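Asks: Everything below, folded, please.
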Amino acid sequence: MRLAADAVRVSVPATAGNLGPGFDALGMALGVSDEIEVRAVATSSVAIQIEGEGADSLPRDETHLVVRALREALDQVGASQVGLAIRAINRIPHGRGLGSSAAAVVAGISAARGLIAEPEALSAEIALDIATRFEGHPDNAAPAIYGGATVAWSDESGAHAVPLQVAEEIETAVLIPGSVLPTKQARSVLPSRVPHEDAAFNAGRAALLVNALAGRPEDLFAATEDRLHQQYRADVMAAAPAMIERLRGQGLAAVVSGAGPSVLVLGVDLAAHGLDSGTLDWAEGVGGESWRCVLTAERVPGATSALL
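Replies: Model prediction:
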């Protein structure tokens, strides 16, 4: 397959995985996005300019996730590899359970889609399958691709996802602490086996959550209870349980966002509960942290691309 364009701009949203009980399956796009500009150049070199998150730490060579995913996507469709000039404007916080790595992978795949002559060859389904190879699970990549809320799963044929219905009145607020927690560390504390009653508990709550999102916000509090991962991660992110306890004590459906340590709240009219975008004075010192909030009141689209 040939390349039909030489420059593309991509936007990919942050995502929250799990949504409480839907471990490695449920996810939702959030109202903060990374932007990536990719230019194909007639050399074999890679030049990367990074602004914002990770500007002092991310690689600027072939090992960068955007580059790796882009090249994997080009290989998938048999397109020629090219030199790359990339400008990354990173707004999604890293190491906070907001899907920054999934966003980078989806950005690379979306950039490849924008460059090739037949973008349908990198459909949403194929993009999800490629992204899951990088991520190991599809719960963040799915909403980054499809937008909104999704349920995703993998089987012998690859990764799959379907969008979920979310009532217009349901909002999200994500509270972001100053500290970070690598996903690898957050996963390392999970047990290899869980009690049958806990698995049954989460299956019921995850099913209830899908129904609650569709238009029964009064059920969100019960639907976001979890026994599979949050309790095991408490020792490696002390601030999140403290914030969750405070918010759930007020009747708000608060959970760990992905692997943490950010906290996600699902509900209606969240600004009236003090969850508006920006620094939260009332949250200062909760769990020994400073917190800022991103409120999302509308459905967030998945990855978009446009020619430059």
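Asks: hey, let's count contacts and neighbours off CA atoms from now on
Replies: OK.
Asks: so how far is the strand or helix carrying A207 off the chain centroid?
Replies: Assigned by DSSP states H and E, A207 belongs to helix 196-213. Its chain's average C-alpha position is 21 Å from that of helix 196-213, according to Cα atoms, centre = their mean, to the nearest Å.
Asks: bridging residues for E35?
Replies: S11, I89 (DSSP bridges).
Asks: count of neighbours near it?
Replies: 23 (other Cα atoms under 10 Å).
Asks: which stretches of the stretch 1-150 of the chain form helices?
Replies: In the stretch 1-150 of the chain, the helices defined using DSSP state H, counting those that start in this stretch lie at 65-76, 100-115, 124-135, 141-146.
Asks: Return the alpha-carbon coordinates of the first one using CSV.
Replies: The reference is to helix 65-76. The C-alpha coordinates for helix 65-76 follow below in CSV (Å, rounded to 0.1, in the frame of the first residue of the first chain):
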residue,chain,number,x,y,z
LEU,A,65,5.6,4.6,21.6
VAL,A,66,4.1,6.8,18.9
VAL,A,67,6.9,5.7,16.5
ARG,A,68,6.7,2.0,17.4
ALA,A,69,2.9,2.0,16.9
LEU,A,70,3.0,3.9,13.7
ARG,A,71,5.5,1.5,12.2
GLU,A,72,3.6,-1.5,13.4
ALA,A,73,0.5,-0.1,11.7
LEU,A,74,2.3,0.6,8.4
ASP,A,75,3.7,-2.9,8.5
GLN,A,76,0.1,-4.2,9.1
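Asks: tell me which strands and helices it is in contact with?
Replies: helix 100-115, helix 124-135 (3 or more Cα pairs under 8 Å, 6 or more residues apart in numbering; DSSP states H and E).
Asks: now those helices as CSV including mean neighbour count?
Replies: Formatted as CSV, the helices and strands packed on helix 65-76 follow (neighbours: other Cα atoms under 10 Å):
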stretch, mean neighbour count
helix 100-115, 29
helix 124-135, 21
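Asks: quick one: which of those is nearest A271?
Replies: Closest to A271 of these is helix 100-115 (Cα to Cα; 25.2 Å).
Asks: How about the residue nearest the centre of the chain: what's its closest non-neighbour residue?
Replies: Taking Cα atoms, centre = their mean, the centroid of the chain lies closest to T15, which sits 2.5 Å from it. Once flanking residues are discounted, T15 sits nearest to A29: 4.3 Å by Cα to Cα, 6 or more residues apart in numbering.
Asks: what does T132 give?
Replies: Here the residue nearest T132, using Cα to Cα, 6+ apart, is P138, at 5.2 Å.
Asks: count of neighbours near the one you found?
Replies: Neighbours of P138 (other Cα under 10 Å): 30.
Asks: Correct me if wrong: it contacts A25.
Replies: Yes. Look at P138 against A25 with Cα atoms under 8 Å: they come within range, at 7.0 Å.
Asks: returning to that earlier point: pretty sure the residue nearest to the centre of the chain contacts R96?
Replies: No. Look at T15 against R96 with Cα under 8 Å: they stay out of range, at 10.7 Å.
Asks: L122: neighbour count?
Replies: Other residues close to L122 by other Cα under 10 Å number 21.
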